[in-house]
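Engineer: Structure, please.
(chains A and B)
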Amino acid sequence: MVRFILWRLLQAIPVIFVVITATFFLVRSAPGGPFDSEKAVLPEVKRALEAQYKLDLPLHEQYVAYLGDLSSGDLGPSFKYPGRSVNEILSSGLPVTAELGLYALTFALFVGVLAGVFAALKPNTRQDFIPMGMAMIGICMPSFLLGPLLVLVFGIYLDWLPIAGWGDLPGDKILPSITLGSAYAAYIARLSRAGMLEILSQDYIRTARAKGLPEWQVVTQHALRGGLIPVIAFLGPAFAGLLAGSFVVETIFQIPGLGRFYVQAAFNRDYTMILGTTVFLSTLIVFFNLISDVIAAWLNPRLRAQFKGGA
Amino acid sequence: MMRLFQSLVPASVLVVLLTACGSGESNVESGNREGYLHYGNGAEPQGLDPQVVTGVPENHIVRALFEGLAVKNPKTLEPEPGVAERWEISEDGTVYTFYINPKAKWSNGEAMTASDYVWSWNRALHPDTGSLYAYMLYPIINSEAYSKREITDFNEVGVKALDDQTLQVTLNAPTPYFLQLMDHYSSFAVHPETLLKHGKMTDRFTPWTRVGSIVSNGPFTLEEWSLNRRIIIKKSEHYWDRDNVALNGVYFYPTENVVSEERMFRAEQLHYTAVVPLDKIPDYRTRENSPYVQSPYLGTYYYLVNTDRPPVDNVLVRQALSYALDRDKLTRTVLQDTAIAAYSITPPDTLGYNPPKLFSYDPSKARDLLAEAGYPNGEGWPGLEIIYNTQEAHRKIAVAVQQMWKKELNIDITIANQEWKVYLNSVSQREFQVARRGWIGDYVDPNNFLDLFITDGGNNNTGYANDIYDEIILERAPKAKTREARYSLFTEAETMMMNDMPIIPIYTYTSKHLIHPSVEGIYPNLMDSLNLKYVTLHPGRRLDTESK
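Structural biologist: Take a look at the predicted model:
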């Protein structure tokens, strides 16, 4: 097991290095620079700005300087927000995005697993079709549609919940969490249904039923653990996806998270900010994939045995 | 089992909803009670350093934290005393003497001095600072040479502190709009000791503007700055005119999403919105006591024409295109009456100046001109491309223009969107035939629009070059003795330029806001300029949500 983790960590290093290098050169090859603006920038002003941000150096020297700063954990100053470092912006946005992601994931797991298991118990009946149909709608419905719909119903017509903000008014975290989580809830519902269907047809379930265990014990104590393996495998990438993909929800609900900075950085050609967020998020994705692989391995008795025997 | 699940699902939904019930007092209610304005500010400001930032959201906050030598009256836009309690202008109009109000203080209680301005303007003009608005101070003698490193001694620039209270500024030429520039943030004083505590004078990226560090001189001080969440400012203890500041403070929200912003306003989370989504405007217009406020704005939306590329290198083609545009229809339909048809670059009534109107919508004249140019009824037309930066509003206009030109002139037009920075690059490299452009004035004076088109001007981008035009704008107009003489020179130049048609004007902008009925003291004006000092809140007034 330890060797498995170490091997995966070792694999991650070249992956992240390639991401850094590709991003570094790609953003610089895009037309337009960080200091282009609608009003003409005087050449002497542009020179002064480029000098302040070391953009006057040849490209390879900039690259080496960036790697040097990166190795000491310094992601550089933001171009768009003078006076702010990328580290500072990341550390201000990450807790918010992570909190939002965590709530969304909790919501997704709760609703998704419940619906999936519920459907798997009576496949191809109304009990299956209704939640699965809703899951399909959930997958298809983009958050830029669901968010405003929820806002209209619960924020404006019913006036139960605040419609924007994060931690400013009581209850303002509910709608964004549901909006962000519902697509994932739908995936999880379908995954857990498939997983449960496979497990429920296994011999050991039949044995459990033959022993006369009540159905809820069969499900919760025997089937659930195996049936949720596909869901667990999905959780790692899902959480990384939630962190990297919360841009739309953050914009709709005015949430001060990472996603808004990430997308705007690309539009602003804020080189250091694009690089910083890309490096950071790709590291997170690699890390969460690893964790979910480890958990899946630990949950799956067959894989676990393989590690014990082989590694 | 079934029953367990069947009861769990609705129960969990219920729990979520019940915990949420009753969001309590709205921001507007609590704000009215406590004297705090909740202000939709459009975007997270880049920063709060007056000599570094550019942009509208920054302007609103910086002008609340700092104050210039003179400020604009929010109703008339005429200059009135700010940090300077009075000023004298020499007879030839080139020497301004500002007398600093002895009561004017920094937010740490220190008195403001004339030398603070000398230091700050040195910083604004210094080439190493890289201030994008350095040119705002170019009317001052030798300032341009200093900022272009042609001279290095700031003492040669026409700014002198005669004593602690007296600042003398010498200009190149009489500049009627110079006092207006004193209300632009690039000319604001910053507190030298505070900046030097965090770095060199010319550093752009030190944290001197953070809560706890920043020292400012305006009616408000910085209380909280949560990145991308909100900025809170509070009434200053040391502001000279503190007794006339009604608000206790302001919350600024970075409301990037205009649709969300409008919803926040409807839910009374905001007193004021930065903009209004176009499709919501008709509904707001029909309301009694409508919170919707629209007024002319000092900006022009136009199409740049690259005068070096065929077929638009031919002036007849450019004129034909312009005559074939039904601007009234465009502003009425596509823009829902939120803009004013424009026939020249300078917006109407720019400080009493009205631009010449040399043409109108005349499709048959347009066809004649096109035929004269060699394309009768569009025959032999080589094609033409309009580029615009990716945005739905620009696309709608481009599509309407495309259809009008097709219908009236029978010519094929392609339209292409480009991502913002790509578009900026295309415009500055002049890699286009026709490109969408907007210009918002920095100060209310025709000069701010007309000097765009001097030969090789940084914002010309059309290839337009006319020696006589240059001479009027750069030499003759600044020396004009009276406002009438100056304006008639401007008319002469603008007539010349609009006959050559390097641009196709489309419309004059308007500013559009939703303002809660409990707010008073926000006056519509050409600059969309708001002085938060004059804003008052009146609890108890409700937002009408019903249409008439």
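Engineer: Pull the contacting residues for the single nearest residue of the stretch 301-450 of chain B relative to chain A.
Structural biologist: Closest contact between the stretch 301-450 of chain B and chain A, by C-beta to the nearest C-beta, is at B:Lys421 (2.8 Å). All C-beta spots, glycine's among them, are computed from the backbone N, C-alpha and C. By C-beta atoms under 8 Å, 6 or more residues apart in numbering or on different chains, the residues touching B:Lys421 are A:Ala30, A:Pro31, A:Gly32, A:Gly33, A:Asp36, A:Phe267, A:Asn268, A:Arg269.
Engineer: and B:Tyr106, what pLDDT?
Structural biologist: One thing to correct before we go on: residue B:106 is Trp, not Tyr. B:Trp106 is assigned 97 on the pLDDT scale.
Engineer: what's the neighbour count on it?
Structural biologist: By other C-beta atoms under 10 Å in any protein chain shown, the residues close to B:Trp106 number 21.
Engineer: Likewise for the one 5 residues further on?
Structural biologist: Other residues near B:Ala111 number 15, with proximity taken as other C-beta under 10 Å.
Engineer: now swap in B:Val157 and tell me
Structural biologist: 23.
Engineer: same deal with B:Asp451?
Structural biologist: Using other C-beta under 10 Å, B:Asp451 is surrounded by 17 other residues.
Engineer: coming back round to it: wait, what's in contact with the residue nearest to the residue of the stretch 301-450 of chain B closest to chain A when sequence neighbours are not counted?
Structural biologist: Leaving aside its sequence neighbours, B:Lys421 sits nearest to A:Gly32 (C-beta to C-beta, 6 or more residues apart in numbering or on different chains; 2.8 Å). Residues in contact with A:Gly32, defined by C-beta under 8 Å, 6+ apart, are A:Arg269, B:Trp420, B:Lys421, B:Val422, B:Leu424, B:Asn425.
Engineer: quick one: pLDDT of the fifth one?
Structural biologist: If I follow you right, that is B:Leu424. For B:Leu424, pLDDT reads 90.
Engineer: Could you measure from it over to B:Asn354?
Structural biologist: B:Leu424 sits 31 Å away from B:Asn354, taking C-beta to C-beta, to the nearest Å as the criterion.
Engineer: out of the two, which sits in the busier spot?
Structural biologist: Neighbours per residue (other C-beta under 10 Å) separate B:Leu424 from B:Asn354, with B:Leu424 holding more: 20 against 14.
Engineer: what element comes up after the strand or helix carrying the more buried one heading to the C-terminus?
Structural biologist: Secondary structure assigned from DSSP states H and E places B:Leu424 in helix B:420-428. Counting by DSSP H and E, the element after helix B:420-428 in chain order, helix or strand, is strand B:434-440.
Engineer: Identify all contacting residues around the following helix or strand past that following strand.
Structural biologist: As assigned by DSSP H and E, the chain's next helix or strand after strand B:434-440 is helix B:447-450. Helix B:447-450 has contacts (C-beta under 8 Å, 6+ apart) with B:177, B:300, B:345-347, B:350, B:439, B:441-442, B:473, B:477, B:490, B:493-494, B:497.
Engineer: Over to stretch B:141-159?
Structural biologist: A:42, A:44, B:117-118, B:121-122, B:125-127, B:134-135, B:137-138, B:140, B:167-172.
Engineer: Filter those down to the ones in strands?
Structural biologist: B:Leu167, B:Gln168, B:Val169, B:Thr170 (DSSP state E).
Engineer: and the residues you listed as CSV, adding distance to chain A?
Structural biologist: CSV is the format used below for the ones in strands among the contacts of stretch B:141-159 (distance: C-beta to the nearest C-beta, whole Å):
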residue, distance to chain A
B:Leu167, 25
B:Gln168, 27
B:Val169, 22
B:Thr170, 23
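Engineer: Quick one, which of the residues you listed are buried?
Structural biologist: By neighbour count, with 16 or more other C-beta atoms under 10 Å in any protein chain shown, the ones in strands among the contacts of stretch B:141-159 hold B:Leu167, B:Gln168, B:Val169, B:Thr170 as buried.
Engineer: okay, the host helix or strand of B:Glu144 in PDB with CA atoms only?
Structural biologist: Secondary structure assignment for B:Glu144, by DSSP H and E: helix B:143-147. The C-alpha coordinates for helix B:143-147 follow below in PDB (Å, rounded to 0.1, in the frame of the first residue of the first chain):
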ATOM      1  CA  SER B 143       5.200  67.500 -16.800                       C
ATOM      2  CA  GLU B 144       5.100  65.600 -20.100                       C
ATOM      3  CA  ALA B 145       8.800  65.900 -20.600                       C
ATOM      4  CA  TYR B 146       9.300  64.700 -17.000                       C
ATOM      5  CA  SER B 147       7.100  61.700 -17.400                       C
END
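Engineer: can you pull the buried residues of that helix?
Structural biologist: Neighbour counts over helix B:143-147 (16+ other C-beta under 10 Å) mark B:Ser143, B:Glu144, B:Tyr146, B:Ser147 as buried.
Engineer: Same question for stretch B:291-311.
Structural biologist: Within stretch B:291-311, judged by 16+ other C-beta under 10 Å, the buried ones are B:291-294, B:296-307, B:309, B:311.
Engineer: For the residue of the stretch 201-311 of chain A found nearest chain B, report the pLDDT, please.
Structural biologist: Going by C-beta to the nearest C-beta, chain B is nearest to A:Pro256 of the stretch 201-311 of chain A, at 3.7 Å. A:Pro256 is assigned a predicted lDDT (pLDDT) of 89.
Engineer: Could I get the contacting residues of it?
Structural biologist: A:Pro256 sits in contact with A:Ser92, A:Gly93, A:Val96, A:Trp166, A:Glu250, B:Ser226, B:Leu227, B:Asn228, B:Arg229, where contact means C-beta under 8 Å, 6+ apart.
Engineer: Would you quantify the distance from it to B:Ser120?
Structural biologist: 31 Å.
Engineer: likewise B:Glu471?
Structural biologist: Taking C-beta to C-beta, one finds B:Glu471 at 34 Å from B:Ser120.
Engineer: Looking at the two, which is more packed in?
Structural biologist: B:Ser120 (22 against 14).
Engineer: Which pLDDT value belongs to the more buried one?
Structural biologist: Taking B:Ser120 on its own, its pLDDT is 97.
Engineer: And B:Thr19, by the same measure?
Structural biologist: So B:Thr19 comes in at 47 (pLDDT).
Engineer: The longest helix along chain A near chain B anywhere?
Structural biologist: Criterion DSSP state H: the longest helix present in chain A is helix A:86-121. Yes: Helix A:86-121 is in contact with chain B by C-beta under 8 Å from any C-beta of the partner chain, via A:Ile89, A:Ser92, A:Gly93, A:Phe110, A:Val111, A:Leu114, A:Ala115, A:Val117, A:Phe118, A:Leu121.
Engineer: What are the buried residues along that helix?
Structural biologist: Applying 16+ other C-beta under 10 Å to helix A:86-121 flags A:86-90, A:92-94, A:96-101, A:103-105, A:107-121 as buried.
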